[in-house]
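Q: Sequence and predicted structure are below.
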Amino acid sequence: MTAELIDGKAIAQALRRRIAERVHALQERGVVPTLAVVLVGEDPASQVYVRNKVAACAEVGIRSRKYEFPADVTVERLLACIDALNGDAEVDGILVQLPLPPHIDETLVLERIAVAKDVDGFHAENVGRLVQGRECFWPCTPHGVMQLLAWEGIEPQGMDAVVVGRSNIVGKPMALMLLNAGATVTVAHSRTRELAAHTRRADLLVVAVGKPEFITAEMVKPGAVVIDVGINRLPDGRLVGDVAAEVREVASRITPVPGGVGPMTIAMLLENTLLAAQRRRGTAP
Ligand SMILES: NC(=O)C1=CN([C@@H]2O[C@H](COP(=O)(O)OP(=O)(O)OC[C@H]3O[C@@H](n4cnc5c(N)ncnc54)[C@H](OP(=O)(O)O)[C@@H]3O)[C@@H](O)[C@H]2O)C=CC1
Ligand SMILES: Nc1nc(=O)c2c([nH]1)NC[C@@H]1CN(c3ccc(C(=O)N[C@@H](CCC(=O)O)C(=O)O)cc3)C=[N+]21
Ligand SMILES: [Mg+2]
């Protein structure tokens, strides 16, 4: 079997067109959805991501503002910036690009963001709402994966799903979304024994580890749907996921890297910012 590629880039583009229509409808009522992006330090990868986010906002008619701080910024200055954005009626969404420098307590900063503006969905109140299956902002990357599955007509209900990785930004919220959608979910991580015994049972395998070619063909059940969240930059400059190329000979469908989950993450940031604008300004459908 050779897996069919799930074209996240094309699906994200289609979603952005729909988002743009909804943004324009809001603009006709005098509302311009606005995202504030906070960037700390000079990490080149973070700068590229932020530039891509700002460009994606512009494409759909979302206004964005960039707040840049040096790597040695004090936590007090960052918190003051977030307080100002929380109090700014024009700002609908606030995103603090991660990772933050080691001397900054990430949790302290993320918890300062007003829950109604937390378009990344990292605030503990949003996470708690996700656990309970209530309305909240869904973290963009797993949200993007759920949209990919829906677009592909893959219904998680009843599936044996295995998520490899348990980070707060990808693995854990991914597992919760799949659980809420009715999948039987296993979450594996670096302490898991017999990882392959778990992954081989998966009808749906989501991999968010951060290690190139980590998942090999013998770890995958024939016919499985494989979602590769990993983004790894190799020394030769190539961008690869966490799943080895040979898995394409085993899986039924698989996301490529680049062009899979990454573009969906950006599309979901736009979706969440639009939702924040609709909710905050009382125009939610
Ligand atoms: N496409 C996109 O939009 C995005 C892609 N990414 C990419 O996804 C990947 C994961 O990101 P993130 O979740 O932030 O990464 P983290 O480093 O925060 O988490 C990695 C997870 O993988 C687990 N892990 C590490 N080694 C092993 C192993 N040998 N066996 C099993 N599990 C292991 C860790 O386990 P433990 O908890 O025990 O340490 C941890 O839970 C990265 O490549 C990142 O660049 C991230 C965000 C968005
Ligand atoms: N507060 C916060 N929110 C995030 O959502 C967040 C973050 N911090 N820090 C970093 C990670 C990583 N992340 C990606 C987003 C898009 C692509 C993406 O578009 N990737 C393209 C390739 C881009 C390239 O060529 O480098 C693709 O996969 O096709 C990748 C990774 C969001 N993150
Ligand atoms: Mg991390």
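A: Here it is on my side, so go on. These numbers come from a predicted model, not from an experiment. Ligands and ions are numbered 1, 2, ... in the order given.
Q: low-scoring stretches of the stretch 1-150 of the chain, by residue?
A: Within the stretch 1-150 of the chain, no stretch falls below the threshold (pLDDT under 70).
Q: Now with 90, please.
A: The model of the stretch 1-150 of the chain has pLDDT under 90 over residues 1.
Q: For ligand 2, what's its nearest residue on it.
A: Leu98 (3.7 Å; C-beta to the nearest ligand atom). To be clear about C-beta, it is placed using only N, CA and C from the backbone, and glycine gets the same treatment.
Q: Pop the domain breakdown of the protein in here.
A: 30-115, 140-262 (the TED database).
Q: residue contacts, the residue of the stretch 1-150 of the chain closest to ligand 2?
A: Shown in contact with Leu98 (C-beta atoms under 8 Å, 6 or more residues apart in numbering): 106, 169.
Q: what do you get for the one 5 residues further on?
A: Residues near His103 by C-beta under 8 Å, 6+ apart: 72, 75.
Q: Can you tell me the element it falls in?
A: Using DSSP states H and E, no element contains His103; it sits outside every helix and strand.
Q: Return the backbone torsion pair for it.
A: The phi and psi torsions at His103 (degrees, to the nearest 10) take the values phi -80, psi -10.
Q: on that earlier part again, JSON lines for the domains of the chain, including distance to Glu21?
A: Formatted as JSON lines, those follow (distance: least, C-beta to C-beta, whole Å):
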{"stretch": "domain 30-115", "distance to Glu21": "9"}
{"stretch": "domain 140-262", "distance to Glu21": "17"}
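Q: thinking again about what came up before, is it fair to say the residue of the stretch 1-150 of the chain closest to ligand 2 lies in a strand?
A: No: counting by DSSP: H, G, I helix; E, B strand; the rest coil, Leu98 is not part of a strand but coil.
Q: Quick check, the residue in the stretch 1-150 of the chain closest to ligand 1?
A: Closest point on the stretch 1-150 of the chain to ligand 1, by C-beta to the nearest ligand atom, is Thr141, at 4.2 Å.
Q: Secondary structure class of that residue, three-state.
A: helix.
Q: which residues touch the residue lying closest to Val170 once chain neighbours are set aside?
A: Of all residues not flanking Val170 in the chain, Ala208 sits nearest, at 4.0 Å (C-beta to C-beta, 6 or more residues apart in numbering). Residues in contact with Ala208 (C-beta under 8 Å, 6+ apart) are 141, 163-165, 167, 170-171, 174, 229-230, 242.
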